[in-house]
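# Curious how this folds, go ahead:
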Amino acid sequence: MTTPAWDPAQYLRHAGHRARPFADLLARIPALPGEPPAVADLGCGPGNMTAVLAERWPTARITGYDNSPEMLDKALVEYAGPTAGGGRLDFSHADVRTWAPERPYDLIVSNATFQWVPGHAGRFADWIAALAPGGTFAFQVPGNFTAPSHRLMRTLAESPRWRGRLAEALRHDDAVLTPEAYLERLTGLGCAADVWETTYIHLLTGEDPVLDWVKGTGLRPVLTALADDPGARDAFLAEYRAALREAYPAGPHGTPFPFRRIFAVARKEES
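Numbering: from 1, shown residues only. Alright, predicted model coming up:
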């Protein structure tokens, strides 16, 4: 898959809708064992959700990890440093595919990142092993890879006009596991696990709002692959825009955009 170049401003255009799943995830995380707790945020992006962790655990020492220089620059400028509750926010470059905890953590959390990491469930054992006794591993990932937004993107990219340039640009519908598979993995690693799914119906406004949404996330590999050819990029977007308009018609109050997500909270046994 093409490694995407990220645009923090585009990503944050729908920050309110994107924040809700993280809030729902945090609401199910139990008390952390350490004081102050040590927290790792894998795939922290521009840091806006990492800052929410400091609101939930004001004394925590929190480190956000990401492999995008653009996202980390935004996070460092906006959020790094001491927090109002006496804790601290730091940000560091890391690739989640190879990241290894350098110390015990009370919480390892990830918000909409693992879908970019092939074989991510194979790392769970290492990360859970690094949790303090009674610590928690929690994440949420999109579960909408068969939705029109992604299916139409793949169909277009695999068409004769585009397949030569975009064959490696897209994820497939096995980018994440099923909820049942995540539950099996986490309980098999000795955790008490809570796994669930939710479909949000976001009401998006503005012109071509679904296209605007995916420009910040799922479409990034395509935009990256076509970055050196603006004409081809615009041609792809025109075809994709037309397909999205048909799949997600605007209503009188906006464009409904169903979005399924998968959540998991796994608590390590106390010693």
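
# In PDB, list the C-alpha atoms belonging to stretch 242-261.
Coordinates of the C-alpha atoms in stretch 242-261 are reproduced here as PDB (Å, rounded to 0.1, in the frame of the first residue of the first chain):
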ATOM      1  CA  ALA A 242     -19.800  11.700  -9.200                       C
ATOM      2  CA  ALA A 243     -20.000   8.200  -7.800                       C
ATOM      3  CA  LEU A 244     -20.200   9.500  -4.200                       C
ATOM      4  CA  ARG A 245     -22.900  12.000  -5.100                       C
ATOM      5  CA  GLU A 246     -25.100   9.100  -6.300                       C
ATOM      6  CA  ALA A 247     -24.200   6.800  -3.300                       C
ATOM      7  CA  TYR A 248     -24.700   9.500  -0.700                       C
ATOM      8  CA  PRO A 249     -27.400  11.900  -1.900                       C
ATOM      9  CA  ALA A 250     -27.800  15.100   0.000                       C
ATOM     10  CA  GLY A 251     -31.000  15.600   2.100                       C
ATOM     11  CA  PRO A 252     -32.700  18.800   3.200                       C
ATOM     12  CA  HIS A 253     -30.500  19.100   6.200                       C
ATOM     13  CA  GLY A 254     -27.200  17.700   5.000                       C
ATOM     14  CA  THR A 255     -25.800  14.400   3.700                       C
ATOM     15  CA  PRO A 256     -26.200  11.300   6.000                       C
ATOM     16  CA  PHE A 257     -22.900   9.400   6.200                       C
ATOM     17  CA  PRO A 258     -23.100   6.000   8.000                       C
ATOM     18  CA  PHE A 259     -19.800   5.000   9.500                       C
ATOM     19  CA  ARG A 260     -19.300   1.700  11.300                       C
ATOM     20  CA  ARG A 261     -16.500   1.500  13.900                       C
END
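
# Residues contacting that stretch, please?
The set of residues that contact stretch 242-261 without belonging to it, under CB atoms under 8 Å, 6 or more residues apart in numbering, is 21, 112, 140-144, 147-149, 152, 156, 197-205, 208-211, 213. Bear in mind the C-beta positions are built from the backbone N, C-alpha and C, glycine included.

# and it, average pLDDT?
On average, the pLDDT along stretch 242-261 is 96.

# related to what we said a few turns ago, just the ones in strands from the contacts of stretch 242-261, please.
Per DSSP state E, strands hold the following members of the contacts of stretch 242-261: Gln140, Val141, Pro142, Glu197, Thr198, Thr199, Tyr200, Ile201, His202, Leu203, Leu204.
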